[in-house]
Each structure stands twice: as C-alpha cells, then as structure tokens.
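Colleague: Mind folding the following:
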Amino acid sequence: TEAQAEEILAYGVDEVVLLPNPDEGELDTETLVSLTEDYIREKKPAIVMVGGTNYGRSFAPSLAAKLRTGLTADCTELDIQPNGDLDQIRPAFGGNVMAHIRTPFHRPQLCTVRYKVFKTAKPVGKKGVITPYMPAPKEQVNGASLLAVAEKPPVLRLEDAEVIVVAGRGIRRKEDLDLVFQLAEKLNAQVAGTRPLIEAGWVDPVRQIGLSGRTVQPKLLITVGVSGSIQFISGMKNAETIGAINTDPNAQMMKLAHYAIVADLYEFLPKLIANLERRRETTKEA
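Modeller: As a prediction, the model looks like this:
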C-alpha cells in the first residue's frame, strides 16, 4: 500500500515500487510472482533479496524458477565483490559448514535473508520516491483457489522476544529444565535451547538458537550452562546484553558475555529465582 511505501522511504531507500493490486485484497503468491517477474525483466536488476519469512520462502523459489536463475536460501551474511558478484553465505550440513556461494553467470542474483540476522535500520528521513508500476496487460493464470481463511492464535515468536533464557548441555536432566522455566517466568522471558537439548528431545525444535535454528536479537539474553559453540553464537551475537552462567570461566560463552557468572547453575539459579521473587513482592507492596 502507499502508506507502507511511505514508511519504507523513511529508511533512506531511493525508490519504492508499488505493484498493482486490482482486487485491493491480499495478493496470492502466483499473481505476485508474475507481477514481480515482469518488473525484473523490464528493469534487469543485478541483485534481488527477499525476506526469509514464511511468505518469502514460498515466493522466492517460484520467482527464481520463472527467471531461470539460482536461489540461495536463508543467508546469514552478505557481501559484494567489486565486479558486482554477490557473496551469499549460509550454514550447511547442520551448521557445521558455512557455504560461501557466488553466482557469476546468471542475473538477477537471488537470495532470501534470514530474519533478525541484521539489525533493524534507523529512520534517516525521506529522500526517495514512490513509483507505481503498471506492467503490460496480460492474463494472469492462477492454478490455486482460496477455499477458506482460518485465523491462527497469536504466538510470540522467539525472534520477537525481548528477554530470552537459554538452556545448554550443563542441564543434566530434562526435569532440571524447570529451574530455567522458573527463571524465565520471573523475567517475563522466553525459553530457548542449544542443539544438544533439541536433539535429546528436551526442548521444542522451534526454540533452538543457532545456525540450524533461530537468529535472535533480544534486549537481554541469559545462557545457563552453555559453552558457546560458533554455531550457537552466530544465532545470538547481536543481543544487546548477554549474561552467562557457567562453571568454566574459560568457556567461549563467558568471553562473549557482558556479565559472566562463574557458578554451578544448580546452586546459583535457586538463589537468583528467590531474589527475583523477593524483589517482585517488594515492588507489589510499594
């Protein structure tokens, strides 16, 4: 919509292109792919980047097939060479390898970018223009029909949480995760886990942080018994404030943390939870 275009202009972009929407409703993927294909064939951009959202992950592969170009999905880093080649970097083999992909022979270079990998830009003032795009008329062939729309209950995604408590392999038993959930409840936080706990079946896979999980940027992230593998750190290194609780002062996570607490989590967490509860009660009384 034009209102959304105005909002985007505030971030310093040169041009926002408005595609036509004859029905004034939500465009289906096939129609949007067709319209975007027309625009790209006319303007011939060198690079097209799509957000790695649920919608973007459906839209981008269809667009790549229409344009007969490649697609690198879920990039976590990007760079550009002097000749215009886009370096597309993404985890592979379960996060054990960082694949460095370059596509010099096909244009546009197309990729999806993982959500929350980059920090949100700050508004700098409107400088660009809004350009309505009207492609040549053609029949839109849509092989899909909308049968029904069902509302999904709102869920706070891990990527949108402002405070996160992360459990690592320092947790000895699944039952001991109760300490982590108690701490999270006191901090109004979301609970996440590292890969070993996901593979053990102790934590839901949607709560995994790391190259093979979610990328987050909370205001506060506290790790409990997390050593700090490079795969995990890549998924949370942009957190504003990082606290770490670990018995090993030399763990990589302790070096990265703004506040590193050398302690046995089984001794420290109950004291921390009790202290937070006392503060909450004091606040209520006041």
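Colleague: Quick check, residue 246 in contact with residue 255.
Modeller: No. Contact status for residue 246 versus residue 255: not in contact, 10.6 Å apart, counting by CB atoms under 8 Å. Just so you know, the C-beta spots here come from the backbone N, C-alpha and C atoms, and that holds for glycine as well.
Colleague: quick one, which of those two is more surrounded?
Modeller: The residue with the greater number of neighbours, taking residue 246 and residue 255 and applying other CB atoms under 10 Å, is residue 246; the counts read 25 against 11.
Colleague: what are the ranges of the strands in the chain?
Modeller: Defined through DSSP state E, the strands belonging to the chain, from first to last, are 15-18, 47-51, 71-75, 77-80, 86-92, 97-101, 109-113, 129-132, 163-167, 190-193, 220-224, 241-246, 259-262.
Colleague: of all those, which lies closest to residue 35?
Modeller: Distances from residue 35 to each of those were compared by CB to CB, and the smallest falls on strand 15-18, at 10.2 Å.
Colleague: Which neighbours in the sheet does the closest one have, and how are they oriented?
Modeller: Each strand paired with strand 15-18, and its direction, by DSSP bridges: strand 129-132 (parallel).
Colleague: What are the contacting residues of the partner strand?
Modeller: Residues outside strand 129-132 that contact it (CB atoms under 8 Å, 6 or more residues apart in numbering): 2, 5-6, 9, 14-18, 20.
Colleague: Quick check, pLDDT for residue 284.
Modeller: Looking at residue 284, its pLDDT is 68.
Colleague: pretty sure residue 37 is touching residue 64, no?
Modeller: No. At 10.2 Å, residue 37 does not count as touching residue 64 under the criterion of CB under 8 Å.
Colleague: Comparing those two, which residue is more hemmed in?
Modeller: In this comparison of residue 37 against residue 64, neighbours counted by other CB under 10 Å, the higher total goes to residue 64 at 22 against 16.
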